[in-house]
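[1] show me how the following folds:
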Amino acid sequence: MVQFQKNKGAIEFRHEHEKVRMEPWGTDSIRVRATINPEILDRNFALLDQPVEAAEISLAENSASLKNGKIEGEVSSDGRIRFLKAGSGTPLIEEISFHSLLWPFARDYKSLGSELCKIACRFKAYDGEKIYGLGQHRHGLLNQKGCVLPLEQRNCEINIPFALSNRGYGFLWNNPAIGRVEFAANGTTWTADACRQIDYWITCADTPAGIIENYTSVTGRAPMLPEFASGFWQSKARYRSQDELLTVAREYKKRGLPISVIVSDFFHYVHMGDWKFDPVEWQDPEGMVRELEKMGIKLMVSIWPTVSPMSENYIDMNERGLLVQSERGKNIYNKFKRKAVGDVDYLHYYDPSNPEARKYVWEKVRENYYRHGIKIWWLDAIEPELYPNHPENVRFYAGNGLEVGNLYPIWAQLAFYEGMKSEGEDEIITLCRSAWAGSQKYAAAVWSGDIFPTFESLRQQVSAGMNIALSGIPWWTTDIGGFVGGKPEDPGFRELIVRWFQYGAFCPLFRLHGARDPWKDGSGAANEVWSFGEEAYTIIKKYMFLRERLRPYIMVQMKAAHEKGTPVMRPMFYDFPHEEKMWEIDDQYMFGPDILVAPILHEGASQRKVRLPSGCDWVDAWTGTKIPGGDKVTAETPLDRIPLYTRASSNIQIMD
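    Residues are numbered from 1 along each chain as shown. This is a model prediction of the structure:
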């Protein structure tokens, strides 16, 4: 029989060789840690330190319970744990029970030698349960019940192991190990391939907004978005020189178009890992920044974590142990093209889990970019993108890749956040291709990776954006038009990019990027807003100015994200949780509390259905017509129109 005890505001018990600790951790929330090792480790990973709340603990001979506000955790005599909404008697989530010695345990450990184990944690499944969040994935699903998801960072697949359930709870798997989660009909299983202990956190709230507020209070919230970042960002793969980039910027200003950011993408250096401009092609970075600033444009530069053996920094970093190592074999982790067309480079990664490596890279960046006035950073490929993808063969300063590999993006973000803070900067933003739980507190914006220029891909972005918003990341964007290809002169692509621009204007960040066909001299075809024909340009221009009018509204929403963790872009159920139908809608969303967006996601669409939530009246932003809530309407969608509706009580004017 399990013996329970109270220790520093927590319940502790031993179950055979296992030691378990359950404790209050933030508002209406409980943290559980368990291990078969001698002691439970104080490794917070995504969680911030929280003062111990005044929880109610009850110990009995055959059970124990801990109540923290709205949530109650119970432990039975066999060590099985369940969580309830306090006072309800109905479980939110509970571990599976086992009926014979041949059944798997709820908490299962398989030793890998030393203190590392492969761990599984199993919970019951419930009819009608819906699961959201979990970072960003390309499967196109909003409700992730029934999915098997890798807990591993990949290009376009962002692992943030936080799940929000329509049963009224949020669950964080506070474990950076490589693994997977299965939301099956017969149970939910969280697996870590190599770790030292189980560690998860659970919260309870009456609404999805309450769940997200609790979650971001313990993982951190985004700083206030710099005001310039709410405008339009121009990017392509790639501008080959300072002259080319400035020519594009000048053309935007000549045409009177709003633009806030322009990007210098990869290969602006001689070798990866130099972290400085090629002096032949970028002769006067300081003068370039000065001219851009006069035009009201910020310059962002692409910073990869990769280091070529040909880089001027490689030997020094290798000798000082600042590069990611192999457990066995050669330290080569990626094969990538060199700047010279046709050549191949074999790249290493710097190790941001090492504080010395973070400092080293920041010092190079400070000397070669920051001192020229550049203060916006594009952190590409920070999954990291390994080839071959064998995390068990990766050795970080912080441990083996299987155990800690999912933390690479957050370490890379920390390097630049720390660096900017050390220079006294408060307006910080990094654009990143990966993230983990808590990345938002280090000013990390995320984009959806190297996606394809298709309507199918556009459809996937809508669910992906909503789910990453529910994972704590309020700053998110896509490559408008998709990244890999797209011919500017193709009529089909022109239709796609118009529809994508309409959607992009109602994303938290508004950014054009892509490697357009044909690819020549290490650079894609033209990718400026006037590159897609006069009809497309006329429509795109309209949405650029529409976005400008929305910026004050967007900044109000960004303040809510900063103060309470409230996502700017969110599913319909976030604002209307008591309307059951809203939990099913995956192709329209709320942009802040007052704007309903229904993007056009199919080629040739001339109309689409839109469901308006009940409880308030709505106004068609295009016609001014007031419509009762609860109606399902058919919106006309000529090429220049995306269906938009505003709460009648808000008096928001989207149109001129």
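
[2] which is the next helix or strand following the biggest helix by length in the chain?
    Across the chain, the helix with the greatest residue count (assigned by DSSP state H) is helix 534-564. For helix 534-564, the succeeding helix or strand toward the C-terminus, using DSSP states H and E, is strand 569-570.

[3] quick revisit: list the helices and strands the longest helix of the chain packs on?
    Packing partners of helix 534-564 (3 or more Cβ pairs under 8 Å, 6 or more residues apart in numbering; DSSP states H and E): helix 491-504. Just so you know, the C-beta spots here come from the backbone N, C-alpha and C atoms, and that holds for glycine as well.

[4] give me the buried positions along the helix it packs on.
    Within helix 491-504, the residues scored as buried using 16 or more other Cβ atoms under 10 Å are 493-504.

[5] which one is residue 26 nearest to, not counting chain neighbours?
    residue 218 (4.3 Å; Cβ to Cβ, 6 or more residues apart in numbering).

[6] could you do residue 615 as well?
    Nearest residue to residue 615 in three dimensions, chain neighbours excluded: residue 629, at 5.5 Å (Cβ to Cβ, 6+ apart).

[7] same check on residue 221?
    In space, not counting the residues next to it along the chain, residue 221 is nearest to residue 565; the distance is 5.0 Å by Cβ to Cβ, 6+ apart.

[8] list the contacts for that neighbour?
    The neighbourhood of residue 565, defined by Cβ atoms under 8 Å, 6 or more residues apart in numbering, consists of 212-213, 215-217, 221, 472, 474.

[9] and residue 413, by the same measure?
    For residue 413, the residues meeting the contact criterion (Cβ under 8 Å, 6+ apart) are 379, 382, 430, 432, 435, 439, 442-444.

[10] repeat the analysis, applying 6 Å as the threshold.
    Taking Cβ atoms under 6 Å, 6 or more residues apart in numbering as the criterion, residue 413 is in contact with 430, 439, 442, 444.

[11] and these as a markdown table, adding distance to residue 530?
    As requested, those are exported to a markdown table (distance: Cβ to Cβ, whole Å):
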| residue | distance to residue 530 |
| --- | --- |
| 430 | 29 |
| 439 | 35 |
| 442 | 36 |
| 444 | 31 |
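
[12] okay, and residue 361 sits in which element?
    Assessed by DSSP H and E, residue 361 sits inside helix 355-368.

[13] how about that helix: buried residues?
    With burial defined by 16+ other Cβ under 10 Å, the residues of helix 355-368 counted as buried are 357-358, 360-362, 364-366, 368.

[14] tell me where the stretch 151-300 of the chain has helices.
    208-219, 242-254, 285-294 (DSSP state H, counting those that start in this stretch).

[15] over to the stretch 501-650 of the chain?
    Counting by DSSP H, counting those that start in this stretch, the segments of the stretch 501-650 of the chain that form helices are 534-564, 572-575.

[16] looking at these, which one is packed in the most?
    Burial of these is given as mean neighbour count (mean count of other Cβ atoms under 10 Å); helix 572-575 ranks first at a mean of 24.

[17] and that helix, average pLDDT?
    Per-residue pLDDT over helix 572-575 has a mean of 98.

[18] same question for stretch 620-639.
    The average of the pLDDT scores along stretch 620-639 is 96.

[19] again, but for stretch 57-71
    Over the span of stretch 57-71, the pLDDT mean works out to 94.

[20] in a markdown table, list the helices of the stretch 151-300 of the chain along with mean pLDDT.
    Written out in a markdown table, the entries for the helices of the stretch 151-300 of the chain read as follows (pLDDT from 0 to 100):
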| stretch | mean pLDDT |
| --- | --- |
| helix 208-219 | 98 |
| helix 242-254 | 98 |
| helix 285-294 | 98 |
